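>>> can you look at this prediction? I've put the sequence above it.
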Amino acid sequence: MPVERWSPAQVAAVAPDAGSLSGARGVHILGTGLSGGILWGLCRGSGKDPYQVCVDLAAPAYKCSCPSRKSPCKHALGLLLVWSTGPMIDESATAPAFVIAWRTAPPRAPRAPRTADPATAVKRAAQVAAGMTELSRWLDDQIHQGLAAAERTGSQPYDTMAARLVDAKAPGAAATVRRLGTVAGIGPHWADRLLGDLALLRLLVAGHDRLDTLAPDLAATVRTRIGFPTATEDVLAGPAVRDHWQVLGQADSDDGTLTTRRTWLLGAQTGRFALHLAFAAPGQSLAADLLPGTAFDADLCFYPGAAPLRALIKDRFGPVRPLRPAPVGATPLAAALSGWASTLAADPWRTDTPVLITGLVPSTDGHLTGPGGDALPLAAGHRAPWWLLAAAGGTPATVAGEWTPDGLRPLAAWSGGRFVPAPPPAPGAGSGHSPELPPDLLAAALIGTARRPYKALSPPTPTPSTPPPSTPAPPSAAAPAGAAPAGAAPVSPGGGAALLEAAATALVYARAGVTLGSGHAPVVAAPPETGRPLPVDAGERLRRLLADGGTQQAQELLGQWLAAAAGHGGHVPPDTLPALLDLGRRNGAIRPDLARVAGERGHWLAGLRTDWQWLLGEATAAPGDPAVWGTGTPGERLGLLASLRATNPAAGLALLRSTWATEAPEDRARFAGALSTGLSPADDTFLDEALDDRRKEVREAALDLLRRLPGSALGQRMTARAHAAVTLDGARLVVVPPAELTPELHRDGISAQPSRGTGVQAWLLEEVIAGTPLTTWTEAFGRDPAGVVALARGHDWATPLLHGWAKAAIAQRAPAWAAGLVDDDQREGGDQPEGSGLREAVRWDLHLLLPPADLARIAADFLRREDHLAHRLLAVHPGAWPDELAVAVIETITHRARTDRHSWQLAELCRAAAHAMPPRFSPHLTRLAAELGGTDPSRVRPVAELARTLTFRREMLEEFA
């Protein structure tokens with residue numbers, strides 16, 4: 001039976017860390033095959049012999065001959081990535097000897113259950129009893145003195161008591177006490193949280209005092225909470241539960257000394273939840289053998305307890321399968337709460353329980369709502385579920401999560417047959433804790449029983465053997481005035497223990513009796529998509545780019561991916577939209593392409609969140625209805641205007657004039673810029689009037705267009721000023737710069753702020769020339785652009801003249817003038833490091849105007865001469881490199897990789913080539929990296945990275961073909 005291929009997301013889920021996954025993408029696979037459910041391959045390593053890699057896809061299990069201690073290592077991950085994204089591997093291939101040896105190796109014999117030493121057990125029980133007795137006295141002291149003092153004492157008393165419990169062999173109780181030090185005096189409602197945790201500790205002490213009389217399962221729960229160990233072999237020796245276990249989701253937590261991964265499972269037949277825990281010390285990787293969104297057939301053995309959830313996997317049967325279209329066993333909201341109450345009744349110390357709820361839609365105020373209007377709050381850090389809104393679009397989804405007293409912590413969701421993991425909680429979100437205890441009880445605990453004796457109802461002691469009902473009404477916790485409620489037993493005096501027991505009763509009743517909320521309106525569903533989705537493989541590659549984080553390389557590749565996607569047409573996978581919209585918020589360069597592929601779902605999301613509404617202002621495909629001008633988003637209106645300008649410029653101008661006076665300032669600037677399409681003398685009057693606009697952005701947009709518009713009134717005014725300032729007397733220029741900045745000059749775009757080190761008259765001369773049409777000079781002086789530029793060589797006013805012409809060439813996009821100015825600047829600069837005439841920023845902007853072939857020729861010449869300016873030219877070269885430049889760069893890389901002692905120069909050149917060299921040259925770089933295998937790794941690494949990036953780009957473009 002063929003093995004179902006994993007998705008790239010499944011491969012990413014088993015990676016021990018982000019570094020391993022990133023390194024896996026650069027692994028060079030020499031050969032691979034699939035035999036008997038074992039994926040195998042040979043990977044190039046640092047030595048002469050390749051690494052031998054095996055992956056058992058059913059377990060999953062991993063083996064690699066490399067020295068890495070991570071499991072899976074980057075070679076195993078690289079093999080899985082090739083299998084998940086490449087062509088199907090022939091399963092009839094003969095497995096090599098190392099695969100057969102691993103497959104036929106005898107399994108490790110399970111260890112027999114340990115035989116406990118009676119003397120050791122008795123000794124430990126005595127130590128724990130002494131520690132719990134001391135804990136009981138300490139708890140009473142806290143209430144006797146009053147919790148108000150905890151705000152001043154900090155964590156020291158809790159750390160001291162925790163250390164004593166560790167010595168007493170009660171690590172579970174010690175961890176709880178130590179955690180109290182992070183609660184006392186910290187955050188809102190800290191006293192309520194502190195009293196509740198102290199009360200549950202008192203309940204644990206009461207349970208320990210009655211261990212001999214408790215039911216065995218309940219006694220096991222108490223022993224586990226205290227910290228009595230349960231051997232793994234003892235658990236595996238117990239009864240096993242076989243089922244098809246559905247992996248609902250994972251959550252990692254780190255307390256500084258240990259990283260814990262909680263993985264929740266649900267049996268498809270039994271409907272039973274199970275919790276699998278994995279631990280890792282600092283610097284170690286967590287086990288990654290359970291993949292969220294999959295299912296597997298296995299035997300599970302549960303740890304003993306009154307509400308057994310934690311389990312170990314004993315045996316697996318068959319391969320891992322994707323969990324499609326959604327997990328079995330989802331329940332409505334009410335049933336999920338009922339399960340929480342039952343769990344809490346059996347284990348009152350529990351603070352979370354798994355839930356799988358169907359038909360949920362987020363509300364606008366941090367809740368998930370069901371079909372009948374019932375709602376549950378989301379926990380802090382999860383109250384803005386953009387991941388779920390993006391994936392489901394406001395339609396009902398199945399959600400897996402952990403219900404806690406602070407709300408629901410989502411782990412994953414299923415919508416439209418797709419598994420969508422929830423992101424980690426938002427940082428800095430706080431605890432989201434609401435008061436759970438009666439105010440009078442809390443007041444008594446804050447003051448302390450030393451100042452106000454506490455009187456409790458009799459009998460007061462809640463014990464684990466008397467669990468609360470599933471939907472109770474919280475009882476009255478205290479009677480400060482000595483009066484008991486009607487029908488209650490008479491009160492008897494009590495101290496700290498009685499107050500804590502009353503608090504435990506109130507806390508457990510309050511948590512178990514939580515009810516569904518109402519009045520939380522779900523979001524209005526997103527409109528259906530009107531376009532086609534992008535290719536599936538392209539969507540998977542997008543997820544990989546987003547998972548790589550905010551590295552410069554990932555940002556560059558993402559920009560190219562978006563450009564290719566916009567050219568192909570279609571919309572991105574909905575679950576990628578939150579990350580993309582966040583990136584677009586920070587990077588304006590990707591916004592136009594992103595707006596074209598965001599689809600209806602993207603624009604719907606942008607309308608729900610203020611800092612994403614930039615998307616609504618981006619021009620999208622032109623709508624067919626002209627009424628959009630009055631009702632559409634800014635982006636739709638801009639699209640309509642651009643469409644009209646492309647087909648009927650006069651109609652577009654008339655449409656803009658009709659509402660110009662009432663447009664918002666930011667919209668006026670964007671709409672004025674849209675007149676660049678179909679720009680003609682008919683637009684001159686309107687744009688000239690826009691120079692009087694109060695908004696600077698509007699004036700700048702109009703000025704930019706007028707400087708490019710032949711025969712504009714602005715150009716005529718600047719021409720008159722230029723001829724008054726610069727004339728030709730024979731072969732020499734006569735310059736009389738403007739004397740002062742007049743209001744007319746300021747209106748026509750001349751700033752009052754000269755650049756640093758420039759005099760006022762020189763600055764005014766430079767700005768007048770910058771605003772003058774360049775054809776003025778060639779016509780008036782009878783010379784070509786290079787001849788006009790030559791007139792300024794050696795002139796007293798050469799600097800403002802050359803910079804004025806350069807700015808005009810940039811604004812008017814005149815390649816001939818740019819070439820003349822660049823050639824003159826290189827001639828004047830000679831051997832000087834940075835040239836002599838033009839300022840650096842202006843000079844590099846001129847390079848962008850050169851025809852790509854000319855710029856490539858200059859850069860290639862610089863490379864061959866080993867000129868240091870070559871790297872700067874490569875950086876400003878627009879778009880993909882011509883073949884001449886690509887070949888020159890490959891020649892330079894080859895030479896430097898084999899002879900250059902300065903590897904940083906090679907690395908810089910490879911970084912520049914990674915995103916601009918045509919991807920079809922990837923085989924050349926791959927062969928070069930292989931040929932360099934035995935040389936200095938600092939030279940091989942940048943070449944290999946360049947080859948990988950080019951291969952990545954080539955595959956990326958092929959996915960859109």
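Here it is on my side, so go on.
>>> can you name every helix or strand that the strand or helix carrying Pro578 contacts?
According to DSSP states H and E, Pro578 maps onto helix 577-586. Counting contacts by 3 or more CB pairs under 8 Å, 6 or more residues apart in numbering; DSSP states H and E, helix 577-586 packs against helix 386-392, helix 591-597, helix 599-606. To be clear about C-beta, it is placed using only N, CA and C from the backbone, and glycine gets the same treatment.
>>> quick one: mean pLDDT over it.
The pLDDT scores in helix 577-586 average 94.
>>> tell me the buried residues in it?
By neighbour count with 16 or more other CB atoms under 10 Å, helix 577-586 contains the buried residues 577-584.
>>> could these be laid out in TSV, adding distance to Ala853?
As requested, the buried residues of helix 577-586 are exported to TSV (distance: CB to CB, whole Å):
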residue	distance to Ala853
Leu577	40
Pro578	42
Ala579	38
Leu580	35
Leu581	38
Asp582	39
Leu583	33
Gly584	33
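>>> A helix includes Trp888, no?
Residue 888: Ala, not Trp. Yes - the assignment for Ala888 is a helix, going by DSSP: H, G, I helix; E, B strand; the rest coil.
>>> low-confidence ranges in the stretch 801-950 of the chain?
The model of the stretch 801-950 of the chain has pLDDT under 70 over residues 828-836, 866-868, 878, 901-902, 933-935.
>>> how about the helices in it?
815-829, 840-847, 852-864, 870-876, 883-899, 903-914, 922-931, 937-959 (DSSP state H, counting those that start in this stretch).
>>> helices or strands up against the second one?
The contact analysis (3+ CB pairs under 8 Å, 6+ apart) places helix 840-847 against helix 798-812, helix 815-829, helix 870-876.
>>> wait, which of those helices is closest to Thr153?
Nearest of the helices and strands packed on helix 840-847 to Thr153, taken as CB to CB: helix 870-876 at 59.2 Å.
>>> contacting residues around stretch 378-386?
Residues from elsewhere that reach stretch 378-386 (CB atoms under 8 Å, 6 or more residues apart in numbering): 362, 366-368, 377, 404, 406-410, 422, 424-427, 429-432, 578, 605, 609.
>>> among the residues you listed, name the buried ones.
Buried among those by 16+ other CB under 10 Å: 362, 366-368, 377, 404, 406-410, 422, 425, 431-432, 578, 605, 609.
>>> in a markdown table: the helices of the stretch 801-950 of the chain, plus mean neighbour count.
A markdown table is the format used below for the helices of the stretch 801-950 of the chain (neighbours: other CB atoms under 10 Å):
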| stretch | mean neighbour count |
| --- | --- |
| helix 815-829 | 19 |
| helix 840-847 | 17 |
| helix 852-864 | 18 |
| helix 870-876 | 19 |
| helix 883-899 | 18 |
| helix 903-914 | 19 |
| helix 922-931 | 17 |
| helix 937-959 | 20 |
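>>> wait, Gly513 touches Ala341, no?
Yes - Gly513 lies in contact with Ala341 (CB atoms under 8 Å); the separation is 7.4 Å.
>>> now do the helices in the stretch 551-700 of the chain.
Under DSSP H, counting those that start in this stretch, the stretch 551-700 of the chain gives helices at 552-568, 577-586, 591-597, 599-606, 628-631, 634-647, 649-659, 665-673, 684-690, 696-708.
>>> Ser20 is nearest to which of those helices?
helix 552-568 (16.6 Å).
>>> any stretches of the stretch 651-800 of the chain with poor pLDDT?
Looking at the stretch 651-800 of the chain by pLDDT under 70, you get 752, 757.
>>> repeat the analysis, applying 90 as the threshold.
Residues of the stretch 651-800 of the chain that meet the criterion pLDDT under 90 lie in 664-667, 669-670, 729-732, 739-742, 746, 749-761, 793-796, 799.
>>> on that earlier part again, nearest to Ser68 among the helices of the stretch 801-950 of the chain would be which one?
helix 937-959 (16.7 Å).
>>> next, the angle from the closest one to helix 883-899.
Counting by axes from the mean of the first three to the mean of the last three CA atoms, to 10 degrees, helix 937-959 points 150 degrees away from the direction of helix 883-899.
>>> which residues touch the residue nearest the centre of the chain?
Centroid-nearest residue in the chain: Ala579, 5.7 Å away (criterion: CA atoms, centre = their mean). If a contact means CB under 8 Å, 6+ apart, then Ala579 has Leu546 as its contacts.
>>> name the next helix or strand following whichever helix in the chain runs longest along the chain.
Counting by DSSP state H, the longest helix found in the chain is helix 118-145. Under the assignment DSSP H and E, the closest C-terminal helix or strand after helix 118-145 is helix 150-153.
>>> which parts of the longest helix of the chain are buried?
Quick answer for helix 118-145 (16+ other CB under 10 Å): 124, 128, 131-132, 135-136, 138-140, 142-145.
>>> turn those residues into TSV, columns for distance to Trp797 and pLDDT.
As requested, the buried residues of helix 118-145 are exported to TSV (distance: CB to CB, whole Å; pLDDT from 0 to 100):
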residue	distance to Trp797	pLDDT
Arg124	95	89
Val128	93	93
Gly131	91	94
Met132	93	94
Leu135	89	95
Ser136	93	94
Trp138	88	95
Leu139	88	94
Asp140	92	92
Gln142	85	92
Ile143	88	92
His144	90	91
Gln145	86	90
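>>> how about low-confidence regions in the stretch 301-450 of the chain?
Ranges of the stretch 301-450 of the chain meeting pLDDT under 90: 316-324, 372-373, 416-417, 426-434, 449-450.
>>> go again with 80.
Residues of the stretch 301-450 of the chain that meet the criterion pLDDT under 80 lie in 427-433.
>>> do a quick rundown of the strands in it.
311-322, 353-362, 367-369, 375-377, 397-404, 407-415, 418-421 (DSSP state E, counting those that start in this stretch).
>>> and the longest strand along the chain with strand 353-362, angle?
Ranked by number of residues, the top strand in the chain under DSSP state E is strand 240-254. Calculated by the same axes, to 10 degrees, strand 240-254 forms an angle of 70 degrees with strand 353-362.
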